[in-house]
Each structure stands twice: as C-alpha cells, then as structure tokens.
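*Asks:* Provided below for reference: sequence and predicted model.
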Amino acid sequence: MLKHLFCALLLALALPASAIEIKDDLGHTATFAAPPQRIVSLLPSLTETVCELGACARLVGVDRYSNFPAQVNALPKLGGMDDSNVELIASLKPDMVLLAVSSRVSERLRALGLKVVALEPRSYRDVQRVLGIVGQVLGVDDAQRIWRHIEAGVAAAAGSVPAAARGLKVYYEVASGLYAAGESSFMGETLTKLGTGNIIPARLGPFPKINPEFVVKANPGLIMIGARGSEGLAERPGWNRIDAVRHGRICVFNAEDGDILSRPGPRMAEAAQIMARCLREKAGS
C-alpha cells in the first residue's frame, strides 16, 4: 500500500501544476500538459462540439462526414470510422485525436504515440458528460453553458407541440434496412421530451434493426424518415394499413436536417425543433 502511495505521489510531482488528466469512454487515461492546439476529430458530433466550444481553429483534420460548421470543409478529410487514414492522421502531428469508441484505428494511433480520446455520446446524459470532458481538455471554463442552451431549446420545442400530438405513436427510421430510433437513443429521448410515444421500446436497444411486420402491428400514427429511405415506403408489404401511411402523416427529412437529427451534440435543440415542426404539421392531418 505504501509503495503504491509513494508511486502516486511521485507521478503527481512529475506532472505540471496545470496538467489536465481525463478518462475516456474506453477507460484510457490521457494527460495533457496544456490544452491541445492541434486536434483531429473523427466523429461529426465531436467536431461540432469542439467548434461550439470555440476551438474550431485548433482542428487540423476531420472525418469525411464532418461538415458543420462550414469552415471544417476546408480541412483534410481523413476517412470514415472504418477506413480512417492512419498515416495521414500521423502526418498532421496532432496532440489529440478525438474518435468514437467503435473506431477501428484507436489502438493503431495509440501505438504511434498519439494521444487518443474515445468518446461516443449516445444519450442526453452522455452529451452533457462529453461536453464537460472536451471542455476540460480544451481549457474552457463553462462548457456546460452549451448544455443549458440545449436544454432550453428542447424545452421550447416541446412547448410548441400541439396537444393533438401528445401521446402520438411515432416510428422513426434512421437508416435503410429498417434501423429505428428506440426509446433509449438520444433521438428517442427527444421524442419523449416532445410528449410523443415511440413504438420501439427501450428493451430493444437504442437503434435496433426492426422486422417490417413489427411496425405494421405497432401501427404508428406518424412516421419520421430520411428522404433516401422514404422511397417506396407505402409499397412495403402491409404498410398501406398503417395509420401514418393511410393519413399521410409522414415527415421526410432532407440530408441537412438528417445530419442535425442524427448527431448527439450542440445542435440537439435544433433537432428537437425539426421534430416539433413535423408534429405541428402532421398531428392534425
């Protein structure tokens, strides 16, 4: 015991007084002598978080899907979650790489001596936590101001939902192949905050693959879906019997809205407004 305490004391004395130490979602600890100035982000929600915290100028590269704010489009694009260009990332000499827990390159980047922070917000609580971690690393005093803005925006969106939409059963298809937003996902949490029901229970997970017949039996009163996945929706076997299809209560989101809706980060209040607009437009139809 004394030996462990002595080692911990030596380590503490070796670190600068201003050192920042955080633990990521994979349980790895990263220590920074000072806030990083060259950042690579390989997840759009993390890119947006860095920028919202006022550190967009510190980004030196992003994944191919990071497209907001517009200024990140001028940065080197480093691939996606499964095909990130490790050599190009290393050549940018980042002092921090932000990526998803499910990224396949985290260990390879760590083996090259890069400081990797794996964070993957999947719920409202996660978003608040990740804001705090990234804000701490960046040296931002009040990162939670962004969370307060999100909460206020979501509450305002909820206040705009008409009474007729309260309790309406919703099916939100997030990707082709019938992947849906369940109650336990951040999208599902938003729907709950807006006062709607969700035909996908939490026990099925945040984004489960759904049998088409499950949706028919659940008979949602409203469907939310991206433009690409909406083609031929009414022709799916049995779906012409679904209330949402019979009454035309289908909200089709364009690519820009789809990006906002699918990213658990600073624009979640905007996502709530998009959903609320859908409910206002379709609830009485």
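*Replies:* All right, it came through fine.
*Asks:* Low-confidence ranges, the protein, go.
*Replies:* Residue ranges of the chain with pLDDT under 70: 1-17, 284-285.
*Asks:* could you list every residue that touches Arg166?
*Replies:* Arg166 makes contacts with Gly195, Thr196, as judged by Cβ atoms under 8 Å, 6 or more residues apart in numbering. To be clear about C-beta, it is placed using only N, CA and C from the backbone, and glycine gets the same treatment.
*Asks:* same deal with the one 3 residues further on?
*Replies:* Contacts were defined as Cβ under 8 Å, 6+ apart; by that measure Lys169 touches Thr196, Gly197, Asn198, Ile199, Ala218, Asn219, Pro220, Gly221, Leu222.
*Asks:* which residues does it form a beta bridge with?
*Replies:* Listed by DSSP bridges, the beta-bridge partners for Lys169 are Gly197.
*Asks:* next one: Lys77
*Replies:* Val62.
*Asks:* Can you say which two of the contacts of Lys169 are spatially most distant?
*Replies:* Thr196 and Asn219 (14.5 Å; Cβ to Cβ).
*Asks:* which of these two has more neighbours?
*Replies:* Comparing Thr196 with Asn219 by other Cβ atoms under 10 Å, the one with more neighbours is Thr196, at 25 against 15.
*Asks:* What is the distance between whatever helix or strand Trp147 lives in and the centre of its chain?
*Replies:* Element membership of Trp147, judged by DSSP states H and E, is helix 144-159. Relative to its parent chain, helix 144-159 has a centroid offset of 16 Å by Cα atoms, centre = their mean, to the nearest Å.
*Asks:* Stretch 161-169 now?
*Replies:* Distance, stretch centre to chain centre, for stretch 161-169: 25 Å (Cα atoms, centre = their mean).
*Asks:* And stretch 55-64, by the same measure?
*Replies:* With Cα atoms, centre = their mean as the basis, stretch 55-64 stands 17 Å off its chain's centre.
*Asks:* what sits up against it?
*Replies:* Stretch 55-64 has contacts (Cβ under 8 Å, 6+ apart) with 36-44, 47, 50-51, 69, 71-72, 75-81, 84, 88-89, 92-94, 138, 140.
*Asks:* Can you flag which of those belong to helices?
*Replies:* Pro44, Thr47, Val50, Cys51, Leu88, Ile89, Leu138 (DSSP state H).
*Asks:* Can you say which of those are buried?
*Replies:* Buried members of the ones in helices among the contacts of stretch 55-64, scored by 16 or more other Cβ atoms under 10 Å, are Pro44, Thr47, Val50, Cys51, Ile89, Leu138.
*Asks:* Great, nothing more from me.
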